[in-house]
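Asks: Build me a model:
(one chain, ligands or ions: 2)
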Amino acid sequence: MKLALSAPANSLLDNEIQITGSKSETNRLLLLQALFPNLKIDNVSNSDDAEVMQKGLAIANGTVDIHHAGTAMRFLTSYFATQEGKTIVLTGSKRMKERPIKILVEALRSLGAAIEYVEEEGYPPLKITGKKLKHNKVSLPANISSQYISSLILVAPSLPDGLEIELVGKITSVPYIKMTLGLLDEIGIVATFKDNTIEVMPKDEVTSKTMTVESDWSAASYFYSIVALAEIGSKIKLSSYKEHSLQGDSVLASIYQQFGVSTTYSENSIWLEKNGEQLADSVELDLSNAPDIAQTIAVTCYGLGMGCHLTGLHTLPIKETDRLAAMKTELEKFGATVSITEESLTLESNNLIGSGAAVDTYNDHRMAMAFAPLAMKTNFFVNDAGVVSKSYPDFWKDMELVGFKVATV
Ligand SMILES: O=C(O)C1=C[C@@H](OP(=O)(O)O)[C@@H](O)[C@H](O)C1
Ligand SMILES: C=C(OP(=O)(O)O)C(=O)O
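Replies: Ligands and ions are numbered 1, 2, ... in the order given. Next up, the predicted model:
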């Protein structure tokens, strides 16, 4: 599906959007619910990634295909490794077969798990034969993906002696680890995270409880970007959000102040309002704690004519696509000047934004959604726009609610 995008006719925005539940919280809670069936979940994400997680958890034997869902791939690896009597082949899309999983497989093997590579060593698909894991201590590198660590934490309470996890090297995407621990805490599982050691206590059952997933903050980033690029006085209300979020991407509220966007929390919603101009010609941000909003921020800066130097992006090359290379290629289609390293992206400040470009999306939902707000400034096309369903199937409908013209071409 190719879409043509253009700006809302009324340049002063005033809208309300209900965003789906966080896919990160949802996929954690779905796994916890499989271990502790008396948990109930509200505001479940309607994303493809949550759907494949649900389907995967329901399968007893055979092949589970998680498509593009990194969290489902990593979380289900530990889950099936601990399920005695099940033999599963866990596979995914062509891209998933290029996303590394060796660190997690080695960690689980050291605990006694039976996991084999079906194709290439170090990558999915995996053949997993569920077993009782014998050990309660594990050590793994922490600088590649926090999802390996969250995966181990999630199954840890179901192990007879819990689990002590030693993290080696610089820890990346830390808020996602804290989110996992935060959810365990909310269901009454004791865990600690001190320096580079995480300890999770075992638990046979939890008291019955309904867990309400907060809406997705990474998805909120696209509305922050829209408001940043809108006329002063524009506002958008997003629900359902909390001031004290488990999601690290809630750092958007402070980052977007630099782009003239204020955030007001009221009941279970946030109001984003454009109440001033951007504060500087250029920004520098370390996004190692919030990698999923890097693409949004780069496009916001470009739309505002600002430069940016974004660092801490070493995980971007192994996500849905090589996001650093993809951002450079696509921003340059509009006339931007971009340079990248293995862990950074630098955009020169520039007030010229070309029109008529066709943005390629590389099977990456965030490529489509990060560029979409730029339609506030220029008309362009998005190729394979259906990719958004990975995390936010209603994205284009919500863009129309804000007033954007979204036409299939
Ligand atoms: O645990 C999670 O829910 C996630 C962790 C992050 O991945 P990395 O830890 O691989 O950076 C993030 O990019 C991903 O979208 C979701
Ligand atoms: C990186 C992402 O997802 P995952 O790693 O779970 O596929 C994302 O949603 O931006």
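
Asks: Can you classify the spatially closest residue to residue 395 that is not a sequence neighbour by secondary structure?
Replies: Distance criterion CB to CB, 6 or more residues apart in numbering; nearest residue to residue 395, sequence neighbours excluded, is residue 388 at 4.1 Å. C-beta here means a position set from N, CA and C on the backbone, and glycine is covered the same way. With DSSP: H, G, I helix; E, B strand; the rest coil as the basis, residue 388 sits in helix.

Asks: my guess is residue 388 contacts residue 369, does it?
Replies: Yes - at 5.8 Å, residue 388 counts as touching residue 369 under the criterion of CB atoms under 8 Å.

Asks: Between these two, which contacts overlap?
Replies: Shared contacts of residue 388 and residue 369 (CB atoms under 8 Å, 6 or more residues apart in numbering): residue 395.

Asks: which residues in the stretch 101-250 of the chain form helices?
Replies: 102-110, 146-155, 174-186, 217-228 (DSSP state H, counting those that start in this stretch).

Asks: Burial-wise, tell me which of the ones you listed comes out on top.
Replies: Ranked by mean neighbour count, these are led by helix 217-228 with a mean of 28 (mean count of other CB atoms under 10 Å).

Asks: Does that helix reach ligand 1?
Replies: No - applying CB under 6 Å from any ligand atom, one finds helix 217-228 separated from ligand 1 by no less than 6.9 Å.

Asks: CA atoms only for that helix - export them in CSV, please.
Replies: Only the C-alpha atoms of helix 217-228 are listed here, as CSV (Å, rounded to 0.1, in the frame of the first residue of the first chain):
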residue,chain,number,x,y,z
TRP,A,217,4.7,5.9,24.6
SER,A,218,6.8,5.1,21.5
ALA,A,219,3.6,5.5,19.5
ALA,A,220,2.9,8.9,21.3
SER,A,221,6.2,10.1,19.9
TYR,A,222,4.6,10.6,16.4
PHE,A,223,2.0,13.0,18.0
TYR,A,224,4.8,14.9,19.8
SER,A,225,6.4,15.3,16.4
ILE,A,226,3.2,16.5,14.8
VAL,A,227,2.6,19.1,17.6
ALA,A,228,6.2,20.2,17.4
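
Asks: That helix packs against which elements?
Replies: Counting contacts by 3 or more CB pairs under 8 Å, 6 or more residues apart in numbering; DSSP states H and E, helix 217-228 packs against strand 235-239, helix 252-255, strand 261-266, strand 269-274, helix 294-304, helix 365-371, helix 395-402.

Asks: residues near the closest residue to residue 212 other than its chain neighbours, how many?
Replies: The shortest distance from residue 212 to any non-neighbouring residue, by CB to CB, 6+ apart, is to residue 42 (4.4 Å). Residues contacting residue 42 under the criterion other CB atoms under 10 Å number 11.

Asks: show me what contacts residue 42?
Replies: 210-213.

Asks: which ones are touching the closest residue to residue 155 other than its chain neighbours?
Replies: Once flanking residues are discounted, residue 155 sits nearest to residue 78: 4.5 Å by CB to CB, 6+ apart. The contact partners of residue 78, by CB under 8 Å, 6+ apart, come to 104, 108, 151-152, 154-155.

Asks: from the residues you listed, which single one is nearest ligand 2?
Replies: Among the contacts of residue 78, residue 151 lies closest to ligand 2 (CB to the nearest ligand atom), at 11.3 Å.

Asks: surely the closest one meets residue 104?
Replies: Yes - if you go by CB under 8 Å, residue 151 and residue 104 touch, sitting 6.0 Å apart.

Asks: Now list whatever residues contact both of these two.
Replies: Common neighbours of residue 151 and residue 104, counting by CB under 8 Å, 6+ apart, are 74, 77-78.

Asks: residues from this protein in reach of ligand 2?
Replies: Residues of the chain lying near ligand 2 (CB under 6 Å from any ligand atom): 68-71, 292, 319-320, 366, 391.

Asks: Just the buried residues of these.
Replies: 68-71, 292, 319-320, 366, 391 (16 or more other CB atoms under 10 Å).

Asks: Include distance to ligand 1 when you put the residues you listed into CSV, please.
Replies: Shown next, in CSV, are those (distance: CB to the nearest ligand atom, whole Å):
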residue, distance to ligand 1
68, 11
69, 10
70, 6
71, 5
292, 5
319, 6
320, 9
366, 9
391, 8
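
Asks: can you redo those residues as JSON lines with pLDDT and distance to residue 303?
Replies: Converted to JSON lines, these look like this (pLDDT from 0 to 100; distance: CB to CB, whole Å):
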{"residue": "68", "pLDDT": "97", "distance to residue 303": "27"}
{"residue": "69", "pLDDT": "98", "distance to residue 303": "30"}
{"residue": "70", "pLDDT": "98", "distance to residue 303": "28"}
{"residue": "71", "pLDDT": "98", "distance to residue 303": "30"}
{"residue": "292", "pLDDT": "98", "distance to residue 303": "19"}
{"residue": "319", "pLDDT": "98", "distance to residue 303": "22"}
{"residue": "320", "pLDDT": "97", "distance to residue 303": "22"}
{"residue": "366", "pLDDT": "98", "distance to residue 303": "16"}
{"residue": "391", "pLDDT": "98", "distance to residue 303": "22"}
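
Asks: Among the residues you listed, name the ones in helices.
Replies: If you go by DSSP state H, those have 70-71, 366 in helices.

Asks: Out of those residues, the closest to residue 185 would be?
Replies: Ranked by distance to residue 185 (CB to CB), those are led by residue 71 at 19.4 Å.

Asks: my guess is that closest one contacts residue 148, does it?
Replies: No - if you go by CB under 8 Å, residue 71 and residue 148 don't touch, sitting 11.0 Å apart.

Asks: Okay, domains of this structure per the record?
Replies: 3-21+214-408, 23-201 (automatic domain parsing).

Asks: Let me see the mean pLDDT of stretch 194-210.
Replies: What stretch 194-210 shows for mean pLDDT is 97.

Asks: Show me which positions of that stretch end up buried.
Replies: In stretch 194-210, counting by 16+ other CB under 10 Å, buried: 198-200, 203, 206.

Asks: Now this protein against ligand 2: closest residue?
Replies: For the chain, CB to the nearest ligand atom, closest residue to ligand 2: residue 70, 2.5 Å.
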